[in-house]
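[1] For reference, the sequence and a predicted model appear below.
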Amino acid sequence: MCMHKILVVDDELEFLELMKVILSELDSEVITATNGIEAIEKLKESAPVSLIISDQKMPLMTGTEFLQTAIKLSPLTPRILVTAYQEAGVMKDSINKAGVFRFINKPINVDDTLNIVNLALSNYDEMIGKMEKAEEKDELIHKLFRGIQCSPASVVITDKNGIIEYVNPKFEKLTGYTLEEVKGKNPRIQKSGEMPQEEYKKMWETIVSGDDWHGQFHNKNKNGEFYWESATISPIKNNEGEITHFIAIKEDITELKNTEHALRAAKEKAEEATKAKSIFLANMSHELRTPLNAIIGYSELLGEVAEEEGVGATIVPDLEKIHSAGSHLLGLINNILDLSKTEAGKMEAHQEFFEIPLVVDEVHSIIEPQAKKNGNVVKVAIDKSADTMTSDRTKLLQILINLMGNACKFTKDGTITLEAYCESGKNGEQAIFKIRDTGIGMTDEQLDKVFQEFTQADSSTTRQYGGTGLGLAISRLFARMQGGNIMVQSEFGKGSVFTLTLPKNKKNA
């Protein structure tokens, strides 16, 4: 608090000096004047003045007359009138005309005077404090109002019965209604008729109970056009906790809703296309497998007949080419059929109890001849924890043969290792199979697309090593449909590690 300024007015210099001595006990600046004219000038020069103490009987103008002028110049300043005698008429006149706070009688009593002065200064400080708080509050209200006026969100304020009292410019722009058009009306004028009445009932029950409501409205503007809003409606309460108003903050989400609708339609269309593709591939694969099986079977039969007739050396090599090409094509068709079945949700998993080492041995025996063609050595490491499991044995075998086959294909004069072990994790006990190779490896870019359908590391890989790019995609699908997954780590030029993880005891769904 700043130092108080106290203006003392009296034509007696002795009294002025006495008041200086008395007021010296206070943390204040004492300003003196000997008549009303001089006091008015001092009051103007020294503003703001915290307290005026004036004698009643003075030349030029009385104390009451001076204080009447002072109240116009400094209306908040308390005024004390000093009199040598108490006259009821003078006191009443000074109170009515000059708003005198207290009277001090001459000769003055020091203690009484200090008490009156302290009370007057305390009242002044309290009044100034309230004014400053009121000004701060007023400024805050103006800021809030400007914020609402400039808000990018639509704002609606209603009374406790839901009758509109205020809407901001954003509301006017969005709906086409002006404040004058909606003031005094219920917000239901915006209803599109497409929202269930139950939703409005729940909203009203929520806000009248004192809670905030969050939701969406499908509304209609003045021109009859529909639009979507995301809204939060909150009750406004007075100091007693009683609801006096409601405020709604709403954001136009029409564009977002349209985008969601378009995405949903596109997703449904894509799903329908995928389903149609899968059905087509399944039918096509079935139709192709029948003649291919006949070609493969007849090529084998013709080879046997040729050997018996003694002409095998002439035609058997060609028959073997037919058999090999047919088998390759049949494998491709089987992969396509598996993929289409899985995508269409028609691939079933058949759970059975089996011994893990027997499956690993079977994979080893199937893969070893293929590995030897490229000069590779196959190693097997089965941990004692890898004893038995319940899963789809056929699909596990297919996955491992596929992963091991790839390792053999992309490794030359190297080592392929198949590890099997079990461990417990947050998802229960898992059977883990790791296939390591010392082959060509993959770059980070190639790793990103290694599990994509009909995709290999790059076109040069396809030309050099062959393949369709379906094996890994199908293997991962098989793993995931059983609650597992396949992960890969690789370093270009040094080799790869594929890790197959499956639940050790998968139950039928």
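    The structure has been received and is ready for your questions. Residues are numbered from 1 along each chain as shown.
[2] residue boundaries of the strands in the stretch 301-450 of the chain?
    Secondary structure of the stretch 301-450 of the chain (DSSP state E, counting those that start in this stretch): strands at 352-355, 377-382, 388-391, 415-425, 428-437.
[3] which one of those strands lies closest to E205?
    strand 428-437 (45.0 Å; CB to CB). All C-beta atoms are positioned from the backbone trio N, CA, C, and that covers glycine.
[4] Counting by contacts, list what the closest one packs against.
    Contact partners of strand 428-437 among helices and strands, from 3 or more CB pairs under 8 Å, 6 or more residues apart in numbering; DSSP states H and E: helix 393-409, strand 415-425, strand 495-503.
[5] can you list the strands of the stretch 301-450 of the chain in CSV and add mean neighbour count?
    Formatted as CSV, those follow (neighbours: other CB atoms under 10 Å):
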stretch, mean neighbour count
strand 352-355, 12
strand 377-382, 15
strand 388-391, 20
strand 415-425, 17
strand 428-437, 20
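[6] To H214, which of the helices and strands packed on strand 428-437 lies closest?
    strand 415-425 (38.8 Å).
[7] got the angle for the closest one vs helix 393-409?
    140 degrees (axes from the mean of the first three to the mean of the last three CA atoms, to 10 degrees).
[8] Please work out the average pLDDT along strand 415-425.
    For strand 415-425, the mean per-residue pLDDT is 94.
[9] pull the CA atoms of it into PDB?
    In PDB, the C-alpha atoms belonging to strand 415-425 read as follows (Å, rounded to 0.1, in the frame of the first residue of the first chain):
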ATOM      1  CA  THR A 415      25.100 -73.000 -42.600                       C
ATOM      2  CA  ILE A 416      21.400 -73.200 -41.800                       C
ATOM      3  CA  THR A 417      20.400 -73.800 -38.200                       C
ATOM      4  CA  LEU A 418      17.000 -74.700 -36.800                       C
ATOM      5  CA  GLU A 419      16.700 -74.000 -33.000                       C
ATOM      6  CA  ALA A 420      13.600 -75.000 -30.900                       C
ATOM      7  CA  TYR A 421      12.900 -74.100 -27.300                       C
ATOM      8  CA  CYS A 422      10.100 -73.000 -25.100                       C
ATOM      9  CA  GLU A 423       9.800 -70.100 -22.600                       C
ATOM     10  CA  SER A 424       7.200 -68.400 -20.500                       C
ATOM     11  CA  GLY A 425       6.200 -64.800 -21.100                       C
END
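[10] quick one: low-confidence ranges for the stretch 401-509 of the chain?
    453-469, 507-509 (pLDDT under 70).
[11] Longest helix in the chain, please.
    helix 254-309 (DSSP state H).
[12] tell me what that helix is packed against?
    strand 226-237, helix 312-343.
[13] Out of the ones you listed, the one nearest D387 is which?
    helix 312-343 (28.8 Å).
[14] who's in contact with D11?
    If you count contacts by CB atoms under 8 Å, 6 or more residues apart in numbering, D11 has them with T34, N35, D55, M58, P59.
[15] now those as a markdown table including distance to F101, pLDDT and neighbour count?
    Listed next are these as a markdown table, based on distance: CB to CB, whole Å; pLDDT from 0 to 100; neighbours: other CB atoms under 10 Å:
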| residue | distance to F101 | pLDDT | neighbour count |
| --- | --- | --- | --- |
| T34 | 22 | 95 | 17 |
| N35 | 21 | 95 | 16 |
| D55 | 15 | 92 | 24 |
| M58 | 19 | 91 | 21 |
| P59 | 24 | 89 | 10 |
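[16] I'd like those residues as a markdown table, with distance to V305 appended.
    Putting the contacts of D11 into a markdown table (distance: CB to CB, whole Å) gives the following:
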| residue | distance to V305 |
| --- | --- |
| T34 | 147 |
| N35 | 147 |
| D55 | 146 |
| M58 | 148 |
| P59 | 152 |
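[17] which two from these end up farthest apart in space?
    Maximum distance among the contacts of D11 (CB to CB): 10.6 Å, for D55 and P59.
[18] From E180, how far out is the closest residue to A231 other than its chain neighbours?
    Leaving aside its sequence neighbours, A231 sits nearest to K250 (CB to CB, 6 or more residues apart in numbering; 4.3 Å). Going from K250 to E180 by CB to CB, to the nearest Å gives 20 Å.
[19] now swap in I367 and tell me
    Separation of I367 from E180 (CB to CB): 84 Å.
[20] what about the two, which has more around it?
    I367 (22 against 8; other CB atoms under 10 Å).
[21] That one touches G405, doesn't it?
    Yes: if you go by CB atoms under 8 Å, I367 and G405 touch, sitting 6.5 Å apart.
[22] Point me to the helix or strand that includes I108.
    Counting by DSSP states H and E, no helix or strand carries I108.
[23] Identify the residues contacting it.
    I108 neighbours (CB under 8 Å, 6+ apart): L18, I22, V82.
[24] how about the residues you listed in TSV, adding distance to P169, pLDDT and neighbour count?
    Formatted as TSV, the contacts of I108 follow (distance: CB to CB, whole Å; pLDDT from 0 to 100; neighbours: other CB under 10 Å):
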residue	distance to P169	pLDDT	neighbour count
L18	65	93	17
I22	61	92	17
V82	59	91	21
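[25] Turn those residues into a markdown table, including secondary structure and distance to F246.
    Converted to a markdown table, those look like this (DSSP: H, G, I helix; E, B strand; the rest coil; distance: CB to CB, whole Å):
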| residue | secondary structure | distance to F246 |
| --- | --- | --- |
| L18 | helix | 64 |
| I22 | helix | 59 |
| V82 | strand | 57 |
